[in-house]
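> predicted model and sequence follow; I will ask about them next.
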Amino acid sequence: KLSSQVWTSRLTYVLAAVGSAVGLGNLYRFPYLCYRNGGATFLVPYFLSLFSLAIPLFMLETAVGQGTGRSALGAFRDLSPRCQGLGFC
C-alpha cells in the first residue's frame, strides 16, 4: 500500500494552497493598485465577493480533495459524474 505524504502543520498547507492559487503578490498588489488609481469603490464588491464566494468555494474544493484523496477532477468526479467539470476552474 502506498503511503501518502502529509503536511507538517496547518499553516504550511494554507500558505502553499493560497500561494499556488493566486500568488501572494497579487493578494496585496491588486487592492492597492485599485485604491491608488481611484477605484476604491471597487474594493467594496471585491472584498464582498472574496469573503462570500471565493473563500467558501476554496474551502469546499480543498475539503473535497482532502476527503477523497484525489485531484480536483477526480474528487468532483467521485461526487457525481456531472460535477467533473468543476475541477477545471
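Cool, the structure landed.
> what about Val64, how many residues close to it?
Applying other C-beta atoms under 10 Å, we find 19 residues neighbouring Val64. For every residue, glycine as well, the C-beta is placed using N, CA and C.
> repeat that for Val6.
When neighbours are counted by other C-beta under 10 Å, Val6 registers 6.
> that one: what secondary structure?
coil (DSSP: H, G, I helix; E, B strand; the rest coil).
> how much space between it and Thr12?
Per C-beta to C-beta, to the nearest Å, Val6 is found 11 Å from Thr12.
> so Gly74 sits against Pro81, correct?
No - look at Gly74 against Pro81 with C-beta atoms under 8 Å: they stay out of range, at 11.6 Å.
> show me which of those two is the more surrounded one.
Neighbours per residue (other C-beta under 10 Å) separate Gly74 from Pro81, with Gly74 holding more: 14 against 9.
> so what's the more buried one closest to, chain neighbours aside?
With sequence-adjacent residues excluded and distances taken as C-beta to C-beta, 6 or more residues apart in numbering, Gly74 is closest to Thr68, at 6.9 Å.
> show me what contacts the one you found?
Thr68 sits next to Gly74, Ala75, Asp78 when contact means C-beta atoms under 8 Å, 6 or more residues apart in numbering.
> check contacts around the second one.
Under the criterion of C-beta under 8 Å, 6+ apart, the contact list for Ala75 reads Glu61, Val64, Gly65, Gly67, Thr68, Gly87.
> so what pLDDT did it get?
Per-residue confidence at Ala75 stands at 82 (pLDDT).
> check the last one too.
Per-residue pLDDT puts Asp78 at 82.
> buried sites along the helix or strand where it lies?
For Asp78, the element it lies in under DSSP states H and E is helix 72-79. Of the residues in helix 72-79, Ala72, Ala75, Phe76, Arg77 count as buried by neighbour count, 16 or more other C-beta atoms under 10 Å.
> what of stretch 52-65?
Within stretch 52-65, the residues that qualify as buried are Glu61, Thr62, Val64, Gly65, counting by 16+ other C-beta under 10 Å.
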